[in-house]
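J.: Predicted model, plus sequence, below.
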Amino acid sequence: MDIKRILKHLTLGHTALRRSFPRSALQNIERSIAEAEQTHAGQIRFAVEAALDIGPLLAGQSARQRAIEVFSRLRIWDTEHNNGVLIYLLLADRDVEIVADRGIHIILGATVWEEICREMEAAFREGRFEEGVVAGIRRVGSYLALHYPQVGAKSNELSDQPVIL
């Protein structure tokens, strides 16, 4: 049990989340997702969570495990071409996880997603939260455009609005 991590999660609240992601930043992130999705047939979601609840925290739940839960809960796996991508940020840990549906994940593999996560985390360490997320969205979008180019009318299967957990 990591006492330091537990204390960080217990003391970091939604105030810190709102400070890192004010309304204007969330609107810009939503706009960035919509713009990126104009270039491909994939679906991108962004979710941010201030901290884990006490139960999962005491059980040692990792950001990756939580991201997989959120991916499932938001039904990102339920896209026509199995090309949904979740960018998840656990603010207390400053940990970014990307969970990609099987269609795109099998093409790119974990290394690409990890690289994007590390770049985003580097921006977050400098306090550039909005910029880091937007850059991550653009990188994910560029890969989706390469492998799932937009053909014909765009159908938006998933909301572009950021999810605050």
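T.: Nice, I can see it. Residues are numbered from 1 along each chain as shown.
J.: Now the residue nearest in space to the middle of the chain. Nearest residue, chain neighbours left out?
T.: Most central in the chain under Cα atoms, centre = their mean is Ile87, positioned 1.5 Å from the mean C-alpha point. Setting aside the residues directly before and after it, Ile87 is nearest to Phe46 in space (Cβ to Cβ, 6 or more residues apart in numbering), at 4.8 Å. From N, CA and C alone the C-beta is placed, and that goes for glycine too.
J.: Output the contacting helices and strands for the strand or helix carrying Leu146.
T.: Per DSSP states H and E: Leu146 is located in helix 129-147. For helix 129-147, the elements it packs on are helix 23-37, strand 43-49, strand 84-90, strand 95-100, helix 102-108, helix 110-125, judged by 3 or more Cβ pairs under 8 Å, 6 or more residues apart in numbering; DSSP states H and E.
J.: By mean pLDDT, show me the worst of these.
T.: Looking at those, the lowest mean pLDDT belongs to helix 102-108 (a mean of 90).
J.: which residues touch that one?
T.: Helix 102-108 is contacted from outside by 42, 77, 81-83, 85, 100, 113, 143-144, 147-148, using Cβ atoms under 8 Å, 6 or more residues apart in numbering.
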